[in-house]
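Asks: Any chance you can model this:
(chains A and B)
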Amino acid sequence: MRYWVVGEFGSGAEAKKALGRLRELGHAREKLDAFTPYPVEGMDEVLGLKPSPIRGFAFVAGLSGAALGYAVQWWTNAVDWPLNVGNRPLNAGPAFIPITFETMVLFAALTIFFGLMWLFRFPRPHHPLFELETFRTASTGGFWVSVTTERREETEALLSALRELKARNTSVVEEAQ
Amino acid sequence: MAEQASETPTKDPLEPVPLIEGAQSAESLTASLLRPIERKPGLIFWALLLLTLGGTGLFLLAVTVTLVRGIGAWGNNIPVAWAFGIIDFVWWIGFGHAGTLISAILVLFQQKWRASVNRFAEAMTLFAVIQAALFPALHMGRPWVAYWLVPYPNTMRIWPNFRSSLPWDMVAITTYFTVSLLFWYLGLLPDLAAARDRATTPRRQFWYGVFSLGWTGSARHWHHWRAGYLLLAGLATPLVLSVHTIVSFDFAIAQVPGWHSTIFPPYFVAGAIFSGLALVLTLLLPVRGSLGLNHVITDRHVDILCKLLLVTGMMVSYGYLQEHFFAWYSGDEYEMASYADKRTGTWAWLFWFQMFSNVLLPHVFWFEKARKNLVVVWFAALAVDVGMWVERFTIIVPSLAHDFLPRSWEGYSPTWVDLSLLGGSMCFFGLLFLLFLKFIPSVSITEVKELHHELKEELAAKEERERTESPLREKEA
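Replies: Numbering: from 1, shown residues only, chains lettered A, B, ... in the order given. Predicted structure coming up:
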């Protein structure tokens, strides 16, 4: 059993302050999260998030795409089936550039998208917080802060901590595992 | 609720026209931007749906005729072997480019005004690319073997010739479509989640729930999302330049007088963005009022788009000038004859219409009065849409009809199938666009809310500065 203790705040700045306070109370960063309708500037630092690995994925995928694109053109047109058109070079570098570039972009873009899906663990149509009716504001105008805990007895203390930080709505959601 | 309704920050004397109008809050913005998809469609919607469905039917009929009778149903001949098929292709794919310009390039330049129009322009890109892709496929005559362009190990051991521009086009179009779709959908996820969370019927909740993939707005997700979105924008920017450059190679790598020109790649890219901006304006002006989006797509947006239209119009004019100048400067008789034919031959009236709509007309936007008069803006934009189709016509048909040998000079006239494919594809585009406006938030809610928040912060910081600075100044005085 895991418990999500959540509180709704009026702005990104308040949510950040609340997270900072929860950190001071000794809660591990991994247990904390925020749910906001748009990305809040500075939230990454509060939660101590490392730079997204998606950049690295995209770089590697882009290079592989370019290499593969060129290799296919070279192998098919110059090696496997040399097609002599007016004695033009078989390995025609300049003519192969357009497709090499496009495959680079294609591979990188597909990797970014599906890499993000993997990082998000999407599609995931069910989330314990969706059980909470008031949590619907997280996508429209509310700024939610969450702390997860495995111990039931801790939830009371967390709830009062959130209320002290002037959270408007507070709740505990049980997640069956 | 979460955020108090507050006066929208607009009080910068240097920017008298706001990007977001009225007293807004995150809730009010979400509600107003979701209203078009939540309310029941009106009579106009059904009328337009019927009209575009009818036109799409005509399109399907023309496609069927093309497939059954072959390309002979078109007006193409020898030497004008490429006509409407490629004109419509270049025209449609050009429209897409403004979408990518607005959504990707302006992300990189951190232009805030894009927030209200990017979703709209990206949808336009997707639907225009769909239309564009249909034409080369149909022009093949046997579209069911289009996969022959893809290198796959077949029993005949035949590979595509990658030194030809047809495989380049194929890869460029499919890549462009895929990347635009991913970029669009990634930006859409948080808005679909907002639609899900505000849904009142189980059916809406289910479908928006499915398509939002379980988006919660977690800070950890936003962290990766921002990095990924920016990267996709960075990739889309050179992509958009490359796609129309490759389209221009279809012509520039040929020897035909009137095509064989190094100005083509940049000039085609500028022309594409020019026509795309015009189409954004043509669609935006009637839509924003009827969907109640005047508070986020303000006169300031129209003003900026008009100025961009003027700038890109001048780039295109430079391209025209260079084409004709180099035809003369090269001293090549065939080249000179071809361009002289464009100016004075059978299709001269189209050429001069093009000069009027694409070169002269955008210059009205030097005047603020014209930029503020929506009727003028709409008609000028429409003229550019048409003018850019005419431009592709004057590049393709007169050049082919007037090549090296007078013996091979030939006239050209389109058949009803050509015209139905052109008109029908417009209706098909309209149909897709109509369904988009009905089912998908047509303005990026997330970005508008973020912009609203940023503007408010900026104003607060400015007021704070003024409060602390003015006593200092008084002291100095």
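
Asks: rest of the way, CA atoms for contacts and neighbours
Replies: Fine.

Asks: residues touching the residue sitting furthest away from the middle of chain A, list them.
Replies: What lies farthest from the middle of chain A is residue A:86; by C-alpha atoms, centre = their mean that is 51.9 Å. Listed by C-alpha atoms under 8 Å, 6 or more residues apart in numbering or on different chains, the contact set of residue A:86 is empty.

Asks: give me the low-pLDDT residue ranges for chain A?
Replies: A:177 (pLDDT under 70).

Asks: can you give me the offset of the longest helix seen in it from its chain's centre?
Replies: If you go by DSSP state H, chain A has its longest helix at helix A:93-120. Relative to its parent chain, helix A:93-120 has a centroid offset of 19 Å by C-alpha atoms, centre = their mean, to the nearest Å.

Asks: what packs against the helix or strand sitting right after it along the chain?
Replies: Counting by DSSP states H and E, the element after helix A:93-120 in chain order, helix or strand, is strand A:143-149. Counting contacts by 3 or more C-alpha pairs under 8 Å, 6 or more residues apart in numbering or on different chains; DSSP states H and E, strand A:143-149 packs against strand A:2-9, helix A:12-24, strand A:32-35.

Asks: try 6 Å this time
Replies: Packing partners of strand A:143-149 (3 or more C-alpha pairs under 6 Å, 6 or more residues apart in numbering or on different chains; DSSP states H and E): strand A:2-9, strand A:32-35.

Asks: what about residue B:34, neighbour count?
Replies: 24 (other C-alpha atoms under 10 Å in any protein chain shown).

Asks: got the residues of chain A near chain B?
Replies: A:10, A:34-36, A:38-39, A:52, A:95, A:99, A:106, A:123-125, A:136, A:139-142 (C-alpha under 6 Å from any C-alpha of the partner chain).

Asks: List buried residues within those residues.
Replies: A:10, A:34-36, A:38-39, A:52, A:99, A:106, A:136, A:139-142 (16 or more other C-alpha atoms under 10 Å in any protein chain shown).

Asks: Closest residue of the stretch 251-400 of chain B to chain A?
Replies: residue B:253 (10.4 Å; C-alpha to the nearest C-alpha).

Asks: Report the contact partners of residue A:31.
Replies: If you count contacts by C-alpha atoms under 6 Å, 6 or more residues apart in numbering or on different chains, residue A:31 has them with A:147, A:148.

Asks: what's the helix or strand for residue 63?
Replies: No chain in the question, so chain A it is. With DSSP H and E as criterion, residue A:63 is part of helix A:54-74.

Asks: Actually, chain B is the one I wanted.
Replies: Per DSSP H and E: helix B:43-69 holds residue B:63.

Asks: For stretch B:352-370, list the C-alpha coordinates in PDB.
Replies: C-alpha atoms of stretch B:352-370 as PDB (Å, rounded to 0.1, in the frame of the first residue of the first chain):
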ATOM      1  CA  TRP B 352       1.200  39.800 -64.200                       C
ATOM      2  CA  PHE B 353      -1.500  38.700 -61.800                       C
ATOM      3  CA  GLN B 354       1.300  37.000 -59.800                       C
ATOM      4  CA  MET B 355       3.400  40.200 -59.800                       C
ATOM      5  CA  PHE B 356       0.400  42.100 -58.600                       C
ATOM      6  CA  SER B 357      -0.700  39.700 -55.800                       C
ATOM      7  CA  ASN B 358       2.700  38.600 -54.600                       C
ATOM      8  CA  VAL B 359       4.900  41.700 -55.200                       C
ATOM      9  CA  LEU B 360       2.800  44.800 -55.100                       C
ATOM     10  CA  LEU B 361      -0.100  43.900 -52.800                       C
ATOM     11  CA  PRO B 362       1.800  43.000 -49.700                       C
ATOM     12  CA  HIS B 363       3.200  46.500 -49.600                       C
ATOM     13  CA  VAL B 364      -0.200  47.800 -48.300                       C
ATOM     14  CA  PHE B 365       1.000  46.400 -45.000                       C
ATOM     15  CA  TRP B 366       3.500  49.200 -44.600                       C
ATOM     16  CA  PHE B 367       0.400  51.100 -43.500                       C
ATOM     17  CA  GLU B 368      -1.000  50.600 -40.100                       C
ATOM     18  CA  LYS B 369      -4.500  51.400 -41.300                       C
ATOM     19  CA  ALA B 370      -4.300  48.500 -43.700                       C
END
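
Asks: what pLDDT, on average, does that stretch get?
Replies: Mean per-residue pLDDT for stretch B:352-370: 94.

Asks: Distance from the chain centre to it, please.
Replies: For stretch B:352-370 - counting by C-alpha atoms, centre = their mean - the centre lies 20 Å from the chain centre.

Asks: likewise stretch B:150-161?
Replies: With C-alpha atoms, centre = their mean as the basis, the mean position of stretch B:150-161 lies at 34 Å from the chain mean.

Asks: now swap in stretch A:67-86 and tell me
Replies: Taking mean C-alpha positions (C-alpha atoms, centre = their mean), stretch A:67-86 and its chain are 39 Å apart.

Asks: Now that stretch: buried residues?
Replies: Quick answer for stretch A:67-86 (16+ other C-alpha under 10 Å): A:68, A:69, A:70, A:72, A:73, A:74, A:76, A:77, A:78, A:81, A:82, A:83.

Asks: how long is it end to end?
Replies: With C-alpha to C-alpha, to the nearest Å applied, stretch A:67-86 spans 27 Å between its terminal residues.

Asks: Grab the nearest non-local neighbour of residue B:233.
Replies: residue B:104 (4.4 Å; C-alpha to C-alpha, 6 or more residues apart in numbering or on different chains).

Asks: and the one you found, helix, strand or coil?
Replies: With DSSP: H, G, I helix; E, B strand; the rest coil as the basis, the three-state label of residue B:104 is helix.

Asks: Could you report the neighbour count for it?
Replies: 28.
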